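[1] 3D model of this:
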Amino acid sequence: MSSSRWVIGQPRHTLTTRTSGITHPVETAATTPATSADETFLAPPDARPQDLSPDTGLLWVGAHGGAGTTTLAAAAGVGTDAGRAWPPTLDLQTAVLLVARTHARGLKAAREALRAHTGRTGSGGEAPLRGLVLVADAPGRLPRELRQQVRVLSGATPRLWEVPWVEPWRTAPAAPPGRQITHLLSEMTTPS
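    Residues are numbered from 1 along each chain as shown. A predicted model of the protein is given here:
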């Protein structure tokens, strides 16, 4: 695979902790703010899936850990869960669905991932973004502040889909998604 792919995520540092006299390495997110979107949300390609192939067609890419890429890819039955790996263009038929949760951290990660992607698209070589998929982090309506952030994000992506809370996925991620979610997934995975 090409070494030009990147992982979306904050830079990480390794610290050590002592438990019962034993030193354990612990990887943590960086605590100092970075100076650019690329530094904040892009890391070297060594920690991402290597099984992406040119015939994948659709990649579910998480803007942050726990975004829901695995669950959505399984529920849709289409595409590949790419984790947080935003690959280079594999072919003209490959597209990316960027996935994030609707909590503050998830929306910030989506914003930064979109900013980083936009900054790199001019140089070519990246799989095209089909849209942003926001997965509800809790049942019910989003607070006003988060709804405002969603409106802002909708202007930064070709399409935006909001997946409502699916209670069965809390205990059984492979549970059938229901008619409303099935329709949304079909809309997301069908090229426009």
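[2] how about the helices of the chain, start to end?
    Using DSSP state H, the helices of the chain run over 37-41, 69-76, 104-121, 144-154, 168-171, 179-189.
[3] and of these, who's closest to residue 130?
    Smallest distance to residue 130 across the helices of the chain (C-beta to C-beta): 7.5 Å, for helix 179-189. C-beta: built from backbone N, CA, C; applies to glycine.
[4] mean confidence score for that closest one?
    In this model, helix 179-189 carries a mean pLDDT of 91.
[5] and if you look at stretch 79-90?
    79.
[6] that older thread, adding mean neighbour count, write the helices of the chain out as TSV.
    As requested, the helices of the chain are exported to TSV (neighbours: other C-beta atoms under 10 Å):
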stretch	mean neighbour count
helix 37-41	19
helix 69-76	21
helix 104-121	20
helix 144-154	13
helix 168-171	12
helix 179-189	15
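[7] could these be laid out in CSV, adding distance to residue 127?
    Shown next, in CSV, are those (distance: least, C-beta to C-beta, whole Å):
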stretch, distance to residue 127
helix 37-41, 16
helix 69-76, 14
helix 104-121, 10
helix 144-154, 19
helix 168-171, 26
helix 179-189, 15
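[8] worst average pLDDT in these?
    Note on the helices of the chain: helix 37-41 shows the lowest mean pLDDT, a mean of 38.
[9] give the buried residues for stretch 131-148.
    131-137, 142, 146 (16 or more other C-beta atoms under 10 Å).
[10] strands along this structure, start to end?
    Shown for the chain, the strands assigned by DSSP state E span residues 6-8, 12-19, 22-29, 42-43, 58-62, 80-81, 85-86, 95-101, 129-135, 160-163.
[11] is residue 162 in contact with residue 136, as I believe?
    Yes - contact status for residue 162 versus residue 136: in contact at 7.2 Å, counting by C-beta atoms under 8 Å.
[12] now for those two: what residues contact both?
    By C-beta atoms under 8 Å, 6 or more residues apart in numbering, residue 162 and residue 136 have these common neighbours: residue 102.
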